[in-house]
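Q: Structural data only, the sequence is not supplied:
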């Protein structure tokens, strides 16, 4: 009996949701429109610029490159990343470009990581101004090599690509945000309908009498 009752309840909930499908879709559309307006008018777009640098375990070209050299270079990327995001490098960048931001603010907008597990590391800068992001990336590529050689006292790095400046904002991701908000809106609408239905403990029609009181309906008074 418990299994049958669960099936009946589930089918009833499905009928409930299906009967309100237009309202559920409407809520999703409204949520999507609101998210679009927020992304377009309330949030400031942010862009990225990046430059690639090759990491070496030596400072000159007199040594033949071996697999051990390449492996060591890959392992040094994490160390170089810490130096690149240090105040030694970034404060110099701030001073050269005359930036009106603190070291921590600039550091939060910079990411450094390896490219496909190679000895190439990518320095990516995020900023509201794509041109400024490109200048910061270029200046880091100019400042970092000397600081790395001085502090690590082994190895080197140099730029192997021009600075690439993205023309499409990386934030906000309007389409993705709209989709997620639409789904969230529809899920919330479904949840509200289900909760409202489960909390429905009063009698409205003859079906409620039979279901809640387990009594047969002998008759009803039609509406005039």
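A: That came through, no problem. A quick note: this is a predicted structure, and the numbers were derived from the prediction, not measured.
Q: Do a quick rundown of the helices in the protein.
A: With DSSP state H as the criterion, the chain has helices at 2-19, 21-37, 67-84, 87-97, 103-108, 130-152, 174-198, 206-208.
Q: Scan this structure for its longest strand.
A: Taking DSSP state E as the assignment, the strand of the chain that covers the most residues is strand 47-56.
Q: Show me what that one is packed up against.
A: helix 67-84, strand 120-127, helix 130-152, strand 156-159, strand 164-165 (3 or more C-beta pairs under 8 Å, 6 or more residues apart in numbering; DSSP states H and E). Any C-beta I mention is one placed from the backbone N, CA and C, and that applies to glycine too.
Q: picking that back up, among the helices of the chain, which is nearest residue 48?
A: Evaluated over the helices of the chain, closeness to residue 48 peaks at helix 130-152, with 6.3 Å, by C-beta to C-beta.
Q: Check the gap between residue 47 and residue 138 for me.
A: Note on residue 47: its distance to residue 138, by C-beta to C-beta, to the nearest Å, is 15 Å.
Q: Just confirm residue 128 contacts residue 101, I think it does.
A: No: Residue 128 is not in contact with residue 101 according to C-beta atoms under 8 Å; the separation is 11.1 Å.
Q: Throw the helices of the chain into JSON lines and include mean pLDDT, thanks.
A: Formatted as JSON lines, the helices of the chain follow (pLDDT from 0 to 100):
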{"stretch": "helix 2-19", "mean pLDDT": "69"}
{"stretch": "helix 21-37", "mean pLDDT": "96"}
{"stretch": "helix 67-84", "mean pLDDT": "79"}
{"stretch": "helix 87-97", "mean pLDDT": "96"}
{"stretch": "helix 103-108", "mean pLDDT": "96"}
{"stretch": "helix 130-152", "mean pLDDT": "94"}
{"stretch": "helix 174-198", "mean pLDDT": "93"}
{"stretch": "helix 206-208", "mean pLDDT": "60"}
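Q: and residue 121, which of those is closest to it?
A: helix 67-84 (4.8 Å).
Q: and the residue nearest to residue 50 when sequence neighbours are not counted, what pLDDT?
A: Spatial nearest neighbour of residue 50, excluding adjacent residues (C-beta to C-beta, 6 or more residues apart in numbering): residue 124 at 4.4 Å. We have a pLDDT of 97 for residue 124.
Q: Begin at 29, not 1, for the rest of this chat.
A: Sure, I'll start counting at 29 from here, so that last one is residue 152.
Q: what's near enough to touch residue 152?
A: Listed by C-beta atoms under 8 Å, 6 or more residues apart in numbering, the contact set of residue 152 reads 76, 77, 78, 138, 139, 140, 165.
Q: make it 7 Å
A: Contact analysis of residue 152 by C-beta atoms under 7 Å, 6 or more residues apart in numbering lists 76, 78, 139.
Q: what about the first one, how many residues close to it?
A: Spelled out, that is residue 76. Neighbours of residue 76 under the rule other C-beta atoms under 10 Å: 21.
Q: thought it was touching residue 193?
A: No: between residue 76 and residue 193 there is no contact under C-beta atoms under 7 Å: 8.1 Å.
Q: Need the overlap of contacts for the two.
A: Common neighbours of residue 76 and residue 193 (C-beta under 7 Å, 6+ apart) are residue 161.
Q: Am I right that residue 179 is in contact with residue 111?
A: Yes: taking C-beta under 7 Å as the definition, residue 179 is a contact partner of residue 111 at 6.0 Å.
Q: Can you pick out the residue with more neighbours from those two?
A: residue 111 (17 against 13).
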